[in-house]
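Visitor: coords below, sequence missing:
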C-alpha cells in the first residue's frame, strides 16, 4: 500500500514570486507520481507525471517537479506564479506493478495575491 | 470533443433515501472510478471498474454500490443515504488497465444529505 503526505494545507504567495509545494510518499514498491490541479468548482486535471527516466519533470502552465527517490519526495515548483494559479494541488501515487489505483494526498491550497 | 459528464451537479436528499449519481464518458475508456472529496481528506476512492461487468471496492465503499453494463456509464448508488455521505463526488476515467495512465475527471456532484 502507498500513502502520500502533503506537508502544507495552504501556501500563500505573492504574484510573480516562486513557489514550492511539498509532497512525500511512502511505498514498499516502485511508484509512479502525479500532480493534479483543481481550479475552483471544477474537476481535477493532470499537471504532470513522473514515470521513469529524468527525475525533473515539466508540466503544463510552467510547473515542474523533481523526483527524489532517496528522500521519497516529489515537490512541485514554479519560478513565478500568477493570480490564475490559485487552485488546490494534489499529489498522487500509484504502484508500478500495474492494475493499481491512485492514492491522493490531502491537497495544498495555493493562494496567489497581487 | 470527448468528455466526462456527471449529473446532477447538485443534489439535496434526506437520510434513508436511495440516491443514484450518474457518470457518462465519451472517451471510450475501459476504466472508470468514483471518488469522494472531503475537507481535510483529499480524494478517496469509493469504487472502480476496469470494464463492462467488472466492479471493485475502493477505500471507502461501505454504503455505496456501482454497476457497469456498458463502457460509457458507471452510476454510483447510495443505498440508504446518511449524513456522513454529504460530500462532493467525482467520477474519472482512464484508458489503460495497467499504469501509468492518466485519469480524466468530471466536474463533480455536490450531494447534501439532510
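Guide: Happy to help now that I have it. The model shown is predicted, which means the values in this text are computed figures rather than measured ones.
Visitor: show me the contacts for residue B:88.
Guide: Residues near residue B:88 by Cβ atoms under 8 Å, 6 or more residues apart in numbering or on different chains: B:36-38, B:108-111. For glycine as for every other residue, the C-beta is placed from the backbone atoms N, C-alpha and C.
Visitor: Specify the local secondary structure of it.
Guide: Look at residue B:88: counting by DSSP: H, G, I helix; E, B strand; the rest coil, its state is strand.
Visitor: Not counting its neighbours along the chain, what's nearest it?
Guide: Spatially, and ignoring its direct neighbours in sequence, residue B:88 is nearest to residue B:37 (4.6 Å; Cβ to Cβ, 6 or more residues apart in numbering or on different chains).
Visitor: For residue 109, name its beta-bridge partners.
Guide: All of this refers to chain A. Counting by DSSP bridges, residue A:109 forms beta bridges with residue A:10, residue A:88.
Visitor: Wait, chain B was what I had in mind.
Guide: When bridges are called by DSSP bridges, residue B:109 pairs up with residue B:89.
Visitor: which bits of chain B sit near chain A?
Guide: Applying Cβ under 8 Å from any Cβ of the partner chain, one finds that chain B approaches chain A through B:33, B:35, B:40-45, B:48, B:50, B:58, B:90, B:92, B:97-100, B:102-108.
Visitor: hmm, which of those residues are the buried ones?
Guide: B:33, B:35, B:42-45, B:48, B:50, B:58, B:90, B:92, B:99-100, B:103-106, B:108 (16 or more other Cβ atoms under 10 Å in any protein chain shown).
Visitor: three-state assignment of the residue positioned nearest the centre of chain A?
Guide: In chain A, the centroid-proximal residue (Cα atoms, centre = their mean) is residue A:35; its distance is 3.5 Å. Classification of residue A:35 by three-state DSSP places it in strand.
Visitor: what residues are up against residue B:34?
Guide: B:23, B:45-48, B:58, B:64, B:66, B:74, B:76, B:89-92.
Visitor: What residues does the closest residue to residue A:28 other than its chain neighbours make contact with?
Guide: Spatially, and ignoring its direct neighbours in sequence, residue A:28 is nearest to residue A:1 (7.8 Å; Cβ to Cβ, 6+ apart). Going by Cβ under 8 Å, 6+ apart, residue A:1 touches A:27-28, A:103.
Visitor: Next: residue B:36.
Guide: So, once contact is read as Cβ under 8 Å, 6+ apart, residue B:36 ends up touching B:43-44, B:46, B:60, B:85, B:87-90.
Visitor: burial measure for residue A:68, as a count.
Guide: Per other Cβ atoms under 10 Å in any protein chain shown, the neighbour tally for residue A:68 reads 11.
Visitor: residues touching it, list them.
Guide: Counting by Cβ under 8 Å, 6+ apart, the residues that residue A:68 touches are A:55, A:74-75.
Visitor: Sweet, I'm off.
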